[in-house]
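A.B. asks: Let me see the structure of the following:
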Amino acid sequence: MALIRIAAVAAHFGRDLDFGLQRIATLIDHARQSGVSVLVLPDAALGGYLADLRHPDPEALPPALEPDDAHLRKIAAMAAEMVVCVGYCEADGDDRYNSAVCVTGDGVLGRHRKVHQPPGESVAYSPGDTFAAFDTPVGRVGMLIDYDKTFPEATRSLAVDGAEIVACLSAWPTSITNRAPRMAQDRQSRLFDLYDCARAAENQVVLASSNQTGAMGGMRFLGQAKVVGPGGEILARTWSKAGIAVAELDVAAEIATARRVLNHLGERKPASYRGLA
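C.D. replies: Numbering: from 1, shown residues only. I've put the predicted structure just below:
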């Protein structure tokens, strides 16, 4: 049995990079004390997300960091033996990307630029164009950034590329156009959970879903961090409050059990599918 602990964070992060780094240090310390091997922090944990998704203010965007920025290097050093995924705004020349990086103390293991953009986000970010899994000390991992998980093809691409653990980093808000009086009744609250469970079950992988909490400008974030097993079952969750959802499991064994009779990846019929190119 190769039991490991996987954790997904629900927490608030704003524009202050140094305060965000301090909060990340605290979360890594708490995770380490709990024996966590994989820690998934939210999207935009360094610098915060947009304050207005419909009409982003070009003068009030998150700070853009180079891929080798000192803040990212500090997170890698803090990670040490742990695998840590964190989201930030990436600078690449004149372009900005909503990005995620996966690190250990040895350096960068993988990177992802958010591919799918909701209306309005294109004002602030350029889109990424690929999904790729990568090897880590705890197995093969792939990353998604919030709206990416709405599209089944995104997680399927990672699973076909061998991902056993999918890290979904989010800054996912309540409904912008039809906000419910209670967060638990919000349409986006239901969809956030639905996508997490469906993406794990249809690909028979472990999914760790982080999210921001609190508010920024007119955006109110859902929280609801969770770890989902390859059968689509929620193994640990934070609900809407800040916290860390931690689940202990043997990833390879759980996936093998889920695929023992029905192996979704092996039973695909690619030649029969249309409109996927």
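
A.B. asks: residue ranges with poor pLDDT in the protein?
C.D. replies: Within the chain, the stretches with pLDDT under 70 are 1, 277.

A.B. asks: which residues sit in contact with the most centrally placed residue in it?
C.D. replies: By CA atoms, centre = their mean, the chain has its centre lying nearest to Leu169, at 1.7 Å. By CB atoms under 8 Å, 6 or more residues apart in numbering, the contact set of Leu169 is 40-43, 45, 85-87, 100, 143-146, 210. Any C-beta I mention is one placed from the backbone N, CA and C, and that applies to glycine too.

A.B. asks: change it to 6 Å
C.D. replies: The contact partners of Leu169, taken as CB atoms under 6 Å, 6 or more residues apart in numbering, are 42-43, 87, 100, 145, 210.

A.B. asks: Using JSON lines, lay out the residues you listed together with secondary structure and neighbour count.
C.D. replies: Formatted as JSON lines, the contacts of Leu169 follow (DSSP: H, G, I helix; E, B strand; the rest coil; neighbours: other CB atoms under 10 Å):
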{"residue": "Pro42", "secondary structure": "coil", "neighbour count": "33"}
{"residue": "Asp43", "secondary structure": "coil", "neighbour count": "30"}
{"residue": "Gly87", "secondary structure": "strand", "neighbour count": "30"}
{"residue": "Ala100", "secondary structure": "strand", "neighbour count": "30"}
{"residue": "Ile145", "secondary structure": "strand", "neighbour count": "28"}
{"residue": "Ser210", "secondary structure": "coil", "neighbour count": "34"}
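
A.B. asks: The residues you listed into a markdown table, with extra columns for distance to His71?
C.D. replies: Formatted as a markdown table, the contacts of Leu169 follow (distance: CB to CB, whole Å):
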| residue | distance to His71 |
| --- | --- |
| Pro42 | 15 |
| Asp43 | 15 |
| Gly87 | 12 |
| Ala100 | 14 |
| Ile145 | 18 |
| Ser210 | 18 |
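
A.B. asks: Neighbours of Gly232, how many?
C.D. replies: 17 (other CB atoms under 10 Å).

A.B. asks: That one looks like it's in a helix, true?
C.D. replies: No: assessed with DSSP: H, G, I helix; E, B strand; the rest coil, Gly232 is coil; it does not lie in a helix.

A.B. asks: if I pick it, what's in contact with it?
C.D. replies: Contacts of Gly232 (CB under 6 Å, 6+ apart): 197, 200-201.

A.B. asks: Then Ala247 would be within a strand, right?
C.D. replies: Yes: Ala247 forms part of a strand when assessed by three-state DSSP.

A.B. asks: Okay, and the beta partners of it?
C.D. replies: Judged by DSSP bridges, the bridge partners of Ala247 are Ile6.
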